[in-house]
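Q: this one's sequence-less:
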């Protein structure tokens, strides 16, 4: 029986699913894989912000249902799209080695943007951090797959747009990158650059199969980021950023919570060997610096 891989239909999602399939076949030469492309509500509803229609979890619900209905064995996600809390009976069976986690500016560099330049992004996290650095620019929403966003830039709708560097690189579009934004300027999203594989938590055969492609340093880093986000009560559309790196066995986790208008940004730096403890410490530091007030104001709007 083949391992059935649920995936969204976008070119980037299919690339990621094919990449996971290839890694699995390399680790298990006799394994047969089969893609199960699905359409999700997050892909279908493009005229409203994710915050208004339920967040990035809308990109994965149909994939999870396919596994619960036994139409798929695993689902491939960008970890930045995976909510902090998974449905009962589901787990992340593998997280592959992380690619570049940084955000990329396409169109021009941040320094070269003129006053009142229009920058396209639907991410509160990206918008808040960019406005903190450049309060003279304007942020306008842009949704759709990578190609759709690039076409809107090329049509002159924006002076620049912000996309994940990893996605552009995976699609062979790295030449479109005008500037890789340093994390000190725009800290990445939780899990950005990492591909995760979700499966049923009681499927021991699949869990054993996935162990071969699970990258422990990336898993530990992403677990720390996700724990920080969980403690803060953040959703996939909150202006929360977090990025962890490993130095030998120690994790170094940076966190940011920003006001949507960029007027205030609080940051933290936590270190530790245990991902959960590092995530909790980063969240505690952010709260002590005023993160709770920022998030409460956003949630009450």
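A: Sure thing, it's come through. Because the structure is a prediction, the values reported are computed rather than measured.
Q: now do the contacts for residue 285.
A: Neighbour list for residue 285: 255, 268, 269, 270 [criterion: Cβ atoms under 8 Å, 6 or more residues apart in numbering]. Every C-beta, even on glycine, is put in place using the N, C-alpha and C of the backbone.
Q: mind giving me the ChimeraX select for the residues you listed, buried ones only?
A: In ChimeraX, the members of those classed as buried (16 or more other Cβ atoms under 10 Å) are selected with the following command:
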select :255,268,270
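Q: could you pull out the helices for the stretch 51-200 of the chain?
A: Chain-ordered helices for the stretch 51-200 of the chain, with DSSP state H, counting those that start in this stretch as the definition, fall at 61-68, 124-133, 146-154, 165-170.
Q: and these: which comes nearest residue 233?
A: If you check each of those against residue 233 by Cβ to Cβ, helix 124-133 wins as the nearest, at 14.7 Å.
Q: pick out the residue nearest the middle of the chain.
A: In the chain, the centroid-proximal residue (Cα atoms, centre = their mean) is residue 80; its distance is 1.8 Å.
Q: that residue is in contact with residue 190, isn't it?
A: Yes. With contacts defined as Cβ atoms under 8 Å, residue 80 counts as touching residue 190 at a distance of 6.2 Å.
Q: between the two, what contacts are shared?
A: Between them, residue 80 and residue 190 share no neighbouring residue, with contact defined by Cβ under 8 Å, 6+ apart.
Q: show the backbone phi and psi for the closest residue to residue 232 other than its chain neighbours.
A: Excluding the flanking residues, the one nearest residue 232 by Cβ to Cβ, 6 or more residues apart in numbering is residue 283, at 5.1 Å. When quoted as degrees, to the nearest 10, the phi and psi of residue 283 stand at phi -60, psi -40.
Q: next: residue 226.
A: Given degrees, to the nearest 10, the pair of backbone angles that residue 226 has is phi -70, psi -30.
Q: which residues touch it?
A: Taking Cβ under 8 Å, 6+ apart as the contact definition, residue 226 lies against 82, 84, 190, 191, 279.
Q: distance of the first one from residue 238?
A: Pointing back at residue 82 there. 14 Å (Cβ to Cβ, to the nearest Å).
Q: and if you look at the third one?
A: As for residue 190, its distance to residue 238 is 9 Å (criterion: Cβ to Cβ).
Q: pick out whichever of these two has more residues nearby.
A: Shown here are residue 190 and residue 238; by other Cβ atoms under 10 Å, residue 190 has more neighbours (29 against 23).
Q: I'd like to know how many residues surround residue 115.
A: Neighbour count of residue 115, defined by other Cβ under 10 Å: 8.
Q: quick one: which of the contacts of residue 285 is nearest residue 157?
A: Nearest to residue 157 among these is residue 255, at 32.4 Å by Cβ to Cβ.
Q: just to revisit the earlier point, let me know the pLDDT of the residue nearest to the centre of the chain.
A: pLDDT, residue 80: 94.
Q: show me what the host helix or strand of residue 266 packs onto, helices and strands only.
A: Of the helices and strands defined by DSSP states H and E, residue 266 is found in strand 265-272. Judged by 3 or more Cβ pairs under 8 Å, 6 or more residues apart in numbering; DSSP states H and E, strand 265-272 is in contact with helix 124-133, strand 250-258, helix 275-288.
Q: list the buried residues in the shortest one.
A: By that I understand strand 250-258. Here strand 250-258 shows 251, 252, 253, 254, 255, 256, 257, 258 as buried, counting by 16+ other Cβ under 10 Å.
Q: try stretch 83-97
A: Neighbour counts over stretch 83-97 (16+ other Cβ under 10 Å) mark 83, 84, 87, 90, 92, 93, 94, 95, 96 as buried.
Q: dump the residue contacts of the fourth one.
A: Think residue 90. Under the contact definition (Cβ under 8 Å, 6+ apart), the residues listed for residue 90 are 64, 67, 198, 199, 200, 201.
Q: which one of these is nearest residue 228?
A: Checking those against residue 228 by Cβ to Cβ gives residue 198 as the nearest, at 20.4 Å.
Q: might one say that the closest one is in contact with residue 89?
A: No. When contacts are counted by Cβ under 8 Å, residue 198 is not listed as touching residue 89 (10.8 Å).
Q: what is in contact with these two at once?
A: Counting by Cβ under 8 Å, 6+ apart, nothing touches both residue 198 and residue 89.
Q: what's the spacing between residue 205 and residue 38?
A: Using Cβ to Cβ, residue 205 is found at 22 Å from residue 38.
Q: quick one, which of those two is more surrounded?
A: Neighbour comparison, residue 205 and residue 38: the larger count goes to residue 38, with 18 against 11 (by other Cβ under 10 Å).
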